[in-house]
Structures are given as structure tokens and as C-alpha cells.
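Asks: Need a 3D model of the sequence below.
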Amino acid sequence: MSLENLRQHLGRIWIIVLFGIIYLVSQITILVVLGPIEQAMFTLQLSGFSAADYVSVFSTWEASGDMVRYRAHFILDDVHWVWYSVLSTALLSRLFERCDIPSGRNWFLLLPVASGLLDWYENRLQHVFLSSNDLAMIVDPLPLYSTLASDLKWLLVTIYVSTIIVLAVRLKLNSSRQTPA
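Replies: Below is the predicted model of the structure:
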């Protein structure tokens, strides 16, 4: 399937609604499961560059009993990247069509997939970290790779979510100008 076909077929309203609902339910559930460690996990994702960083945070979570939350969130987080990748690509496809974005820019539709694959890679490394009870599998430079994947994922998310917002506003402004007063 070409990017042009992807753009035409994925931007359907029913796909956006379906994956929007799945994503929303998944995201809310992950946040509820993570509860009080959600902010610490996000900070670790963005700045845990060394084994010492991870061992420190994971040891704290083990001592507080919160490691159960972290392990449990992977039940959904391991597939969560699929939901947001499809939803974001569908939204971009729809907006590209509605805003007459040239097909030469269709490569941009791959950014959500790239961020999703980085998320998948990051999760695989986290599973390696959790594969031993004594945290012995957290060895440098693996935390660096995990954090760099996460940082790049969030950079891509920022780029394509900003684009979605700009195109949606542009579409709204253009439609309001065309509506007679």
C-alpha cells in the first residue's frame, strides 16, 4: 500500500472514532494503574540515562510496593503504541486531505508509526530491566538507549500533534470564513 492509498483510506471518520475511543480508554486505564508513580515514571523516561538512575527509582518503587503498578501497566502499554499510531496517522490523513496538503508531504504520515516503534523498543528494554528480581539486568548503556528512544518518541509526538492542532485550526478558520453570516 502506498502512502497515497494510506492517506485516502485511513482518514475515515469511523477509523478516527474507533481508535480514538480505544486510545482514550487505554490511556486513562494506564494512568489509573500507574497512579502515584506516573510522574516519576515520566521523569525517568525522559532523563534516566544510567543504570544508577533506574536502579534508584526501581528500588524506591520496590520498597514502597509501587513496582506492582509499574509492571501491571505494561499489560496495556505494550500495545498502546498501536492505538496512538493509528489514531494519529488517521487524523493526519484526514487533515491532509481536507487541507489539500500536497502528496509529496505524505512521508509525514510515518511520524506516528516511528514514534510508536520507538515506544515499542523502549518497552522491550524495560522488560529486560524487569526480567530479574534483583535488577541485575539494568546495565549501562541500556538505560541510555531506552531514554534516547523515549526522548525521540516524545519529540516526534510533539511535532505531529502540533501539526494536527495547526491543521485542525486552519480547517476550522477556513470553514468559518466560507460560512455566510
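
Asks: Quick one: the helices in this protein, in order.
Replies: For the chain, applying DSSP state H gives helices covering 3-10, 13-34, 38-47, 51-64, 67-98, 111-129, 142-178.

Asks: other SSEs contacting the helix or strand bottoming out on mean pLDDT in the chain?
Replies: In the chain, the helix or strand scored least confidently by mean pLDDT, DSSP states H and E is helix 3-10, which has a mean of 91. On a contact count with 3 or more Cβ pairs under 8 Å, 6 or more residues apart in numbering; DSSP states H and E, helix 3-10 meets helix 67-98. Where C-beta positions appear, they are placed from N, C-alpha and C, glycine not excepted.

Asks: buried residues in the helix it packs on?
Replies: 67, 69-70, 73-74, 77, 80-96 (16 or more other Cβ atoms under 10 Å).

Asks: Could you do stretch 40-54 as well?
Replies: 41, 44-45, 48-51, 53-54.

Asks: Straight-line length of that stretch, end to end?
Replies: 11 Å (Cα to Cα, to the nearest Å).

Asks: Contacts for that stretch, please.
Replies: With Cβ atoms under 8 Å, 6 or more residues apart in numbering as the contact definition, stretch 40-54 has outside contacts at 34, 57, 61, 70, 122, 129, 135, 138-140, 142-144, 146-147, 150-151, 154.

Asks: quick one: average confidence on stretch 68-84?
Replies: Here stretch 68-84 scores 98 as its mean pLDDT.

Asks: Show me how far that stretch is from its chain's centre.
Replies: The chain centre lies 11 Å from the centre of stretch 68-84; the measure is Cα atoms, centre = their mean, to the nearest Å.

Asks: ditto for stretch 66-77
Replies: Averaging C-alpha positions (Cα atoms, centre = their mean) puts stretch 66-77 16 Å from its chain's average.

Asks: do stretch 136-155 as well
Replies: When distances are taken as Cα atoms, centre = their mean, stretch 136-155 is centred 15 Å away from the chain's centroid.

Asks: Can you list the buried residues in that stretch?
Replies: 138, 142-143, 146-147, 149-151, 153-154.
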